[in-house]
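[1] Give me coordinates for this.
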Amino acid sequence: MAATQCVSKVELTVSCEHLLDKDIGSKSDPLCVLLMSSTEDKYYEVGRTEQVQNCLSPKFAKRFVVDYYFEIVQKLRFGVYDIDNKTVDLSDDDFLGQLECTLGQVRRSLVPTLISPPVTQHL
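    Numbering: from 1, shown residues only. So this is what the prediction gives:
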């Protein structure tokens, strides 16, 4: 008899407050990218939010739906960038910060909000 995995769907919403203002003459135009890993340092992109124009405290409309496996540590990395061009490559955009946590931490949270100061490293 094959063992069945305990899995459920988790919907994640993202918002930020007091982002860095990297634009001159206007405010940053942030976008959030979600990366996930269940192995050592091998992250893959789950998806990206929409870009919010001229906003330092965005509440992104796009939601991420991911599978939560109870027995597996699933690492999440939320990276926020100021987008000023039409390219998909994030290396030419301004990095605003990131948050790293596990999906289990988000799932167990009594208040489904994680607060973290900006981290100044790139994804």
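
[2] from here on, contacts and neighbour counts on C-alpha atoms
    Fine.

[3] what residue is smack in the middle of the chain?
    Centroid-nearest residue in the chain: residue 78, 2.4 Å away (criterion: CA atoms, centre = their mean).

[4] From residue 24, how far out is it?
    Distance of residue 78 to residue 24, given as CA to CA, to the nearest Å: 25 Å.

[5] What residues sit buried inside the lowest-mean-pLDDT helix or strand in the chain?
    Every helix and strand of the chain was ranked by mean pLDDT, DSSP states H and E. The lowest is helix 103-108, at a mean of 86. For helix 103-108, burial by neighbour count (16 or more other CA atoms under 10 Å) applies to 103-104, 106.

[6] Likewise for stretch 57-65?
    58, 60.

[7] How about residues contacting that stretch?
    Identification of contacts with stretch 57-65 by CA atoms under 8 Å, 6 or more residues apart in numbering yields 9-19, 30, 46-50, 52.

[8] mind running it again at 6 Å?
    With contact meaning CA atoms under 6 Å, 6 or more residues apart in numbering, stretch 57-65 is reached by 10-18, 49.

[9] Which members of the residues you listed occur in helices, if any?
    Under the assignment DSSP state H, the contacts of stretch 57-65 contribute nothing to helices.

[10] returning to what we had before: work out the gap between the least confident helix or strand of the chain and the centre of the chain.
    Distance of helix 103-108 from the chain centroid (CA atoms, centre = their mean, to the nearest Å) equals 14 Å.

[11] what residue ranges in the protein score low on pLDDT?
    1-4, 110-123 (pLDDT under 70).

[12] how about the nearest residue to residue 100, chain neighbours excluded?
    residue 77 (4.5 Å; CA to CA, 6 or more residues apart in numbering).
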